[in-house]
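In: Fold the following, please.
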Amino acid sequence: MPYPTTGPATWFVTGTSRGLGLELVKQLLERGDNVAAATRSAERLNAALGSADRSHLLPLEVDLAGEKAVAAAVAAAADRFGAIDVVVNNAGYGFLGAIEEVTDAEARQMFDVQIFGVWNLLRAVLPAFRQSRSGHIINISSILGLTAFPGWGLYCAGKYALEGLTESLAAEVAGFGIKVNLVEPGYTRTDFLRIHSLGLPANTAEGYEAIREMTEAHLAMPGTQLGDPVKAAAAIIRVAVSGTAPLHQLLGSDSYGLAKSHIEALTNDFEAGHELAVTTDIAAK
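Out: Just a heads-up that it's a prediction; the model follows:
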């Protein structure tokens, strides 16, 4: 079933009190769509929405790492609005530090949000999507789900995992009429790189001066990023409404350029390793 053409659509969006998620909620409410907005702080979400019409809004304060809590939030959205049409897994945060500096607790917290929270929401919505043979899942990844920079290892690990999960999901549910997309933004002018949205290692190790310099450069970046969050949110809506976007939808010319460069680097790697690669086949008799 395509995106609803009559009456409001119902969206379930995570990570809605700041940044891209907040802008998406604002635009959806302006459209007159129904929005179940999952957030860690309903108070912060309401304050950020200012004078926006909330008649189509259901704020849901939920810990995405809790499977039962996520299932209850989905049930509450269905009770309020009826069937959910679009799910946007947007919740996430950055982390800047060397792999050696990331603690077990920091790594697990990242995956609770980037992967296990997504998985909890997928388990909660997919049965109804399969039954209705409709629904659209949009997972917000990053250009760092396709390439990697030093100091971003933990964040990249979560986004790379999200990419693999989503590609498998898309193939699994295509026969049920469920659409799936990955959205991969580049640097976007939100508060993603501000200290309240960015994780830093509790303890640093000697020898990573380049990562310290990169961290300082990123903390100074807010307000200069290339990407426009208003346009990015509108693009996400377009992905859902059109139903024609590719599985991998890049956002931003920086994201596009980095992705193309990474494809070239991968191709060079594969060709450089081709001679050894073909030596491991079982010899034909």
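In: just the helices in the stretch 151-285 of the chain please.
Out: For the stretch 151-285 of the chain, the helices defined by DSSP state H, counting those that start in this stretch occupy 153-173, 209-219, 229-242, 253-272, 274-277.
In: Out of those helices, which gets nearest to F116?
Out: Taking Cβ to Cβ, helix 153-173 is the member of the helices of the stretch 151-285 of the chain nearest to F116, at 10.0 Å. (Each C-beta comes from the backbone N, C-alpha and C, glycine too.)
In: Need the contact partners of the closest one.
Out: Helix 153-173 is contacted by residues 89, 92, 94-99, 102, 106-107, 110-111, 113-115, 118-119, 122, 126, 129-130, 137, 139, 141-142, 144-146, 148-149, 180, 182, 199, 247 when judged by Cβ atoms under 8 Å, 6 or more residues apart in numbering.
In: Let's see that with 7 Å instead.
Out: 94-95, 97, 99, 102, 106-107, 110-111, 114-115, 118, 122, 139, 141-142, 144-145, 148, 180, 182, 247 (Cβ atoms under 7 Å, 6 or more residues apart in numbering).
In: any idea of the mean pLDDT for it?
Out: The pLDDT scores in helix 153-173 average 98.
In: Kindly report the same for stretch 125-141.
Out: Averaged across stretch 125-141, the pLDDT comes to 97.
In: Is it possible to get a markdown table of the helices of the stretch 151-285 of the chain that adds mean neighbour count?
Out: Listed next are the helices of the stretch 151-285 of the chain as a markdown table, based on neighbours: other Cβ atoms under 10 Å:
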| stretch | mean neighbour count |
| --- | --- |
| helix 153-173 | 19 |
| helix 209-219 | 14 |
| helix 229-242 | 18 |
| helix 253-272 | 13 |
| helix 274-277 | 9 |
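In: I'd like to know which of these has the weakest mean confidence.
Out: The minimum mean pLDDT among the helices of the stretch 151-285 of the chain belongs to helix 209-219 (a mean of 89).
In: Give me the contact list for it.
Out: Contact partners of helix 209-219, identified using Cβ under 7 Å, 6+ apart, comprise 96-98, 150-151, 193, 195.
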